[in-house]
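K.L.:
let's see this in three dimensions:
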Amino acid sequence: MSTTTNRRSVVTPPTGPESSYRQRMLSEPELRGRARRRQAAVDVLGVAVWGSAAMAVTLWLSAGPVDLSGVGQVLVAAGIVAGMVGTDLVLVMLVLAARVPFIDRLVGHDAAMVQHGKLGRPALYLLLTHAGLLVVGYAVESHENVVAEAVALWSTSDVLLAVLALAGFVAVVWTSVVAVRKVLPYEVWHGVHLLSYVAVGLAIPHQLSQGQVLAQGSWERVYWVVLYVVAFASVAVFRFGLPMVRSLRHRVVVVGVERIGADVVSLYLRGRALTELQARGGQFFMWRFWTGATWWHAHPISLSAAPTADGMRVTVRALGRGSAQLGSLQPGTRVSFAGPYGVFTDRVRTSTRVAVAASGIGVTPVRAFLEHLDAPAGAVTVLLRGRSPRETSLWQEVIDLAQARGYRVFTSIGPRGSGTGGWLSSSDTARGVSAASVFPDLRQSDLYVCGPGRWSDLVEQDALRAGLPATHLHRERFDW
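P.N.:
Numbering: from 1, shown residues only. I've put the predicted structure just below:
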């Protein structure tokens, strides 16, 4: 492992457009207080999610006596509860995927999508249970066999739409299974997931037409209408409307393409009034480049330099056909975008001490993050990891920036080692190098990790073993 230890130096504050992004350096108590307030808001959000399902069931129970006099009635009541909770979780999933700014600022887009994915199976199982219990319960009540009851229900108003909605949910969850997702192109996976909007829409008539559950004029009906409006409005406004308005207003175009490696290019973008976006170094946007070969694919790409009032830079590695085509973009290409997203920023810090680990193209948000970071000289340690010199794009920029700020930089180049330090090179792990030895005062630091999924997992595990509090870990994910 090579080490660049930097002496303290005087840094001249930036002038011009960049200066509006600078903030005063916060003290340790201020950082901790901000972190506590943020965690409290996250806890309130979690309570609200599960409280919404509890409220739906409570309103149903309070609307009148629930008949539990027989086996059939018990099964029907259980089926209704399962359907309510399952539907509520589906609506929560829509809100989590809607890129609501408030949620993004609290937990980040990546974490929100992780929770979105975790709710998929429980929601589907509850909806399948809902259908099964109702069919069996009605069959018991009417003294019919299950098949006959299912046929009879098929002719009931809106049941066909409900079945189609359930089939859509099955397709969405099935394509989210890791083994299936790995063999599907992103475009196919994304297209199937758009079915979730259609599926929820198809389920609405079925739910509202069941008068015995959501009677016209009841508080239950009002509550569910409000839930649907909030979910679909969130998607319409934040997933589609706001990005469209911002793209039209800021008029971003490509002004230059610089190849900085065999498969890595930096794209220079220009727009107007970009400070209004309040983007921070470390965040990413969903970019759509309007050429005949690239318009159909939105790319999640991090900023690789702190934005200015009229310019931004992103750096991308060719990891597939879509990203490889970005290297041939021509100046003047129009760009639409959504964002900024992510909490890989200094706003989630809890300490004045910062540790940063970046591997491969994960250096791009780290480069921009460091440019926005206000931390004392000697309080920041950066680890740059690459399997070969070919993976050192932007490293010199990071080293130069760290030298100007008085930060320390370690580099680790070579094949990956084994054991607990397997996220470092084999030569480093052979010498017993670990997270605890690379990052001084790790237990009292914030650790920012960005790189391939498995590599980041190993960094995280090593750091947690060394005593890093889980709340001090901040990670940017590049999977979908």
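K.L.:
where do the strands of the stretch 301-450 of the chain begin and end?
P.N.:
Here the stretch 301-450 of the chain has its strands, by DSSP state E, counting those that start in this stretch, at 311-317, 334-341, 354-359, 380-386, 408-413, 446-450.
K.L.:
so residue 204 versus residue 111, what's the distance?
P.N.:
Residue 204 sits at a distance of 29 Å from residue 111 (criterion: C-beta to C-beta, to the nearest Å). All C-beta spots, glycine's among them, are computed from the backbone N, C-alpha and C.
K.L.:
quick check, pLDDT for the residue positioned nearest the centre of the chain.
P.N.:
Centroid-nearest residue in the chain: residue 110, 1.7 Å away (criterion: C-alpha atoms, centre = their mean). Note on residue 110: pLDDT of 78.
K.L.:
gap between it and residue 267?
P.N.:
Separation of residue 110 from residue 267 (C-beta to C-beta) stands at 22 Å.
K.L.:
over to residue 380?
P.N.:
27 Å.
K.L.:
residue contacts, residue 448?
P.N.:
Contact analysis of residue 448 by C-beta atoms under 8 Å, 6 or more residues apart in numbering lists 282, 344, 354, 355, 356, 357, 366, 369, 474, 475, 476.
K.L.:
list buried residues within those.
P.N.:
Those of the contacts of residue 448 that meet the buried threshold are 282, 344, 354, 355, 356, 357, 366, 369, 474, 475, 476, by 16 or more other C-beta atoms under 10 Å.
K.L.:
ok, the third one - contacts?
P.N.:
With contacts defined as C-beta under 8 Å, 6+ apart, residue 354 is in contact with 373, 375, 379, 380, 381, 445, 446, 448.
K.L.:
what is the burial count for the closest residue to residue 397 other than its chain neighbours?
P.N.:
Excluding the flanking residues, the one nearest residue 397 by C-beta to C-beta, 6 or more residues apart in numbering is residue 367, at 5.8 Å. Using other C-beta atoms under 10 Å, the number of residues around residue 367 comes to 25.
K.L.:
before we move on, back to that, can you add distance to residue 470 and give the strands of the stretch 301-450 of the chain back as JSON lines?
P.N.:
Output for these, formatted as JSON lines (distance: least, C-beta to C-beta, whole Å):
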{"stretch": "strand 311-317", "distance to residue 470": "29"}
{"stretch": "strand 334-341", "distance to residue 470": "22"}
{"stretch": "strand 354-359", "distance to residue 470": "14"}
{"stretch": "strand 380-386", "distance to residue 470": "19"}
{"stretch": "strand 408-413", "distance to residue 470": "23"}
{"stretch": "strand 446-450", "distance to residue 470": "10"}
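K.L.:
out of the ones you listed, flag the one nearest residue 191.
P.N.:
Proximity to residue 191 (C-beta to C-beta) singles out strand 334-341 among the strands of the stretch 301-450 of the chain, at 17.8 Å.
K.L.:
got a list of contacts for the closest one?
P.N.:
With C-beta under 8 Å, 6+ apart as the criterion, strand 334-341 contacts 99, 104, 108-109, 239, 242-244, 246-247, 252-254, 269, 277-280, 283-290, 298, 303.
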